[in-house]
Every structure is written in structure tokens, then in C-alpha cells.
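Peer 1: Next come a sequence and a model predicted from it.
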Amino acid sequence: MKANAYPKEEKLKGRKLVQQVFGSGKSFVVFPLKVFYTVAQQPLGYAVKAGVGASSRSFKKAVERNRIKRLLREVYRLNKQPLHQVQAGNNLQLAFFILYIDKVMPQQALLQSKMQLVIQRLIKELHEVAAENT
RNA sequence: CUGCGGGCCUGAGCUAUCGUUCCGCUUAUGGCGGAGAGGAAAGUCCGGACAGUACAGGGCAACCCACCGGUGAAGAGCCGGCCGGCCGCAAGGCUGCGGGAUAGUGCCACAGAAAAUAACCGUUUUGCCGCAAGGCUUAACAAGGGUGAAAAUGUGAGGUAAGAGCUCACGAUGCACGGCAGCAAUGCAGUGCAUGGGUAAACCCUGGGUGCUGUAAUGCCAUGUAUAGGCUCGCCUGAGAACGGCCCGUUCGAUGAGCCAGGGUAGGCAGCAGGAGGUAAACAGCAAUGUUUAUCCCAGAUAAAUGAUAGUUUAAAACAGAAUCCGGCUUACGGGGUUUGCAGCUUA
RNA sequence: GGACGAAUAGCUCCAAUGGAAGAGCAUCACGCUGAAGCCGUGACAGUGCUGGUUCGAGUCCAGCUUCGUCCA
């Protein structure tokens, strides 16, 4: 399959799963991004499920929210390779959701550097979970 | 040429690479092809379609509408016309609209004699008193009172003791009558009668209209739990329901209904995109709009699809993202194009 | 997506049939004090915005802006 694709199966979907991530998952902040995630044993149908979002309280216009979501999807798509390489080596299921929490429109270069940090942090958390299981 | 007014249109294009939603094909964890946001998708201000319920019935209440004609599925929309107000040298723009203030009720601050009762001051006059100024009294009158946003139809003449639409002339407003123009609102001219303010975007009265709820409606499939527990009412002399203010009426109603606490599900399909559809032409009409013919199929997601990078077009930038679907209204909007007018200047 | 409500001084809030909008706290000035606090006197400042109706709108009508509530 194509390396940089972000198909429908990789998106975090469904009311139940989303509430599970927000309700019982862990979280950390790499400003201006906040990441909610859970690591599950049961299969989710795909090794990584990711979603993006922006608060309608900070951005009242739908055009601005769509813009942020598109930028986040784009930088995730272009920088996710290390995460997939780690997931290929274990049988854990990762589901996470990235929220943009600043109140001003972001630049793509900034989001790209921050997204790389987020991916590194997620890989680190996955290693810890794998160590606890073994 | 300069400065303005009105109407209409447009709302970036192309190339390469990576990616995305739906559909189709296929050699099928992949590949190929096609389609993929707006003029306002917005606000939710009106009107409908559609669905549920008696395909919605009677009464009260509540709410909405209100010059005339046309248009349309309908409307608080649109088009044309009538009347008034404001702005503008002009072109033109903005805006308002039923009747009743004598159906009734309410309100009109301050000022002013008085804010709706015609009272007060006042003017004239009879009689008496007084030297006089004037006072008391009889009768008549509604002109004058300068304040205010608003003061009993305005001006002039006659008339009178003083006056007054008391009379007359020219006007103002309203009503009635018939005439002319117009489908009509209305306009023009005439005759007669009348003349006690304003406010109904104050309550209200008149006429017309509206049942209510909304696609998360509604119908179906799947998964799963507790046909368990408590309280109350009822079992045909009927609790309650048919949902949205109340009453009546109609229908349903016994394995029944309501409340409390608790348990479970929260996935999928239809609704859902072929429509009061788009485009073009012709015809009818001042126009809104309608008719006919040809042609096209043109988003359909469910944490929710249109993006990123590079190049180029002089510089790519405005407001802004479909969520059941249509018709309008309102609001936001960079740049450009087109058309039609007005004023000023210049030239012929 | 749908249905509603509110906006008054820097802050918390009254009141106002359509007729010149107040209270407490805060701020400032003066007095009191050696100085400050307390106290007393006085001042400042407001109807979210734009139009309309009216002689006159905080109030009535229309359109916007902001904030909030409910259904699910």
C-alpha cells in the first residue's frame, strides 16, 4: 500500500470509540496541540486510528475549523512513518485524537515540527506499555 | 473628460507530484476512470413540500396580515400602478400604508387660562351704589389670552350692543351624490351637507388567515437487558392515550395506564437527492412570470470529503463550508466586467 | 440541526403607565489626623449597535452584534 495515504479506515470514527478515547484515555500537551490516546489489546481493525479537531469555542467560523483540520491531517499524513514502523513490530492497537487548543490560526511549518514531537511522544508511550505487558 | 445614481454578471485559471469522499469498471489489501460546496451554503426572519397525528372537526383564547391590480404551490415575497413623508441641482434613492379618536377605555411631562369638560380671565349689556376709579348684579358672547409638538377650519368682507360659519367670497379637510379617465386604488372638475386636537409600531373594535410537532420527523432490521421491584389509579357506570393553552366532540383503550428508582442499547438500512431541477432558444407580457421545444443528470458525508507543495498567468488576495429539500427576505463581501441615466466642463 | 431568552455606571443590582434613570461597592477631590484608616461632604461615569413610529424612545416596531438556556 501507499506509504503516505490516510484512508477512511485509519480515521478515528464512531461515537462509542471517540467517547472511550476522551473519557477513559490519557492525554498530554505539546502546545498548541493536545493529544488524547488509548492503547488497546482488542483489535480495532487497524493498527493506528487517528482523528483531528478544533474547538468551536475558539474558532466560531466553520471555514476556520475546516482549515485547521485539513492542515492537521496533512502534517499527520506526511510525518506518520515512524509511528507505523513501531506499530508493525507489536500487536498493540493505538487510538488517539489531536485537538488544536490555541486561539489563532496556525502556520503549517509550526504544525509540522510540533507533529513530529507528538509522534515521538506517542512512540515513547507505546514502548512503556509494551514493557509493562512483558 | 470629470464627478455621481441605478440594474445585471463574475466570485480565479493552467501544469506536475502527494492525498481525500462517493460512484463505476477491474487482472481486487491493489489499479484505472468519472463526479465532488455558495452567491450568500450564513442568520433562521417568512412561506411551502414531505412525515406523524381525526388528510384536522366546533367554540373560546393566542398569534399574524391589512392602498389597488397582477404573479406564483405559497407568503410579512416579487412586478407594475396609486397616495403621502424625507434626501438630492438632477437622474434618482430611502421610507410608510385598512377603518374607528363620534363603539368604548387609557395617555398627552414641562409650559400654558385651558390638553378636551368648554372652565377661568375677558368683551358687551340691564339695574343699583359711588364725585371718580370702580364694585355688586341681569342678560348675551365665545372673538382675544403666545405657551406648547399640538389650542376648536385659514384669509378677507359684511354684520352686531359686543361678537360668533351668523352670512358671503376664495381656500382646507371629511362624507354623500352622480359625471369623465382608469379593471381598480386613485385622479380631475361639479353639487350638497358638515367642521371639538394628537396617539391605535397604547388596549381595543372590523375584515381575512393560522390545528400542533418537526427529517435527531417517521418506518424497518440487528444487538442487548429485568415478562424483575416500589407507589397510585383503573378493569366497560372505563384509568388513560391519540402530545404541545382550555372546553366540547370523535377514535382507541384491559397481557391497562402514570410516577419513582434501577438495568440495557446507542450499530445499520430507508427517509437521502430526478427536483415547484439546470442550460439554451422561441413565443406571450411594460415587468414579475408563464408556455413550448431541445438537451443535461449536476455533492451526498456521519468527528463528517475539495487540501498540501512547486511553477506560471503583473500581485491570487473578499465574505465565507452543503447536513431533508425548495421559493423568498435580511445580513457579510476584495477586485473586475457590462449596461443604462444625470450634472458640470470642453470640442464639433 | 431545531426552539427560546437576555444585554442599564469600572463591578453587583433596583426602579421607571412613552415625559430629563437611581442604590451599594469602587475611583477622585476636600474636610478630619502628626500621617493613615474609619467617618463626613461633594464629584465623575451608563440604557449593546443601526434605522423607523411618535411632539418626545431605556421602554413600541424592524434589522444586526454579543452572551446564555433548552431539545437531542
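Peer 2: That came through fine.
Peer 1: got a pLDDT number for the closest residue to A:Arg121 other than its chain neighbours?
Peer 2: Using C-beta to C-beta, 6 or more residues apart in numbering and skipping residues adjacent in sequence, the residue nearest A:Arg121 is A:Phe28, 6.3 Å away. Every residue, glycine included, has its C-beta placed from N, CA and C. Listed pLDDT for A:Phe28 reads 86.
Peer 1: Please name the residues that touch A:Phe28.
Peer 2: By C-beta atoms under 8 Å, 6 or more residues apart in numbering, the contact list for A:Phe28 reads A:Lys34, A:Val35, A:Arg121.
Peer 1: In helices, which of those fall?
Peer 2: Judged by DSSP state H, these include A:Arg121 as members of helices.
Peer 1: Could I get the contacts of A:Phe28 in JSON lines, plus columns for distance to RNA strand B?
Peer 2: As requested, the contacts of A:Phe28 are exported to JSON lines (distance: C-beta to the nearest atom of the strand, whole Å):
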{"residue": "A:Lys34", "distance to RNA strand B": "13"}
{"residue": "A:Val35", "distance to RNA strand B": "14"}
{"residue": "A:Arg121", "distance to RNA strand B": "21"}
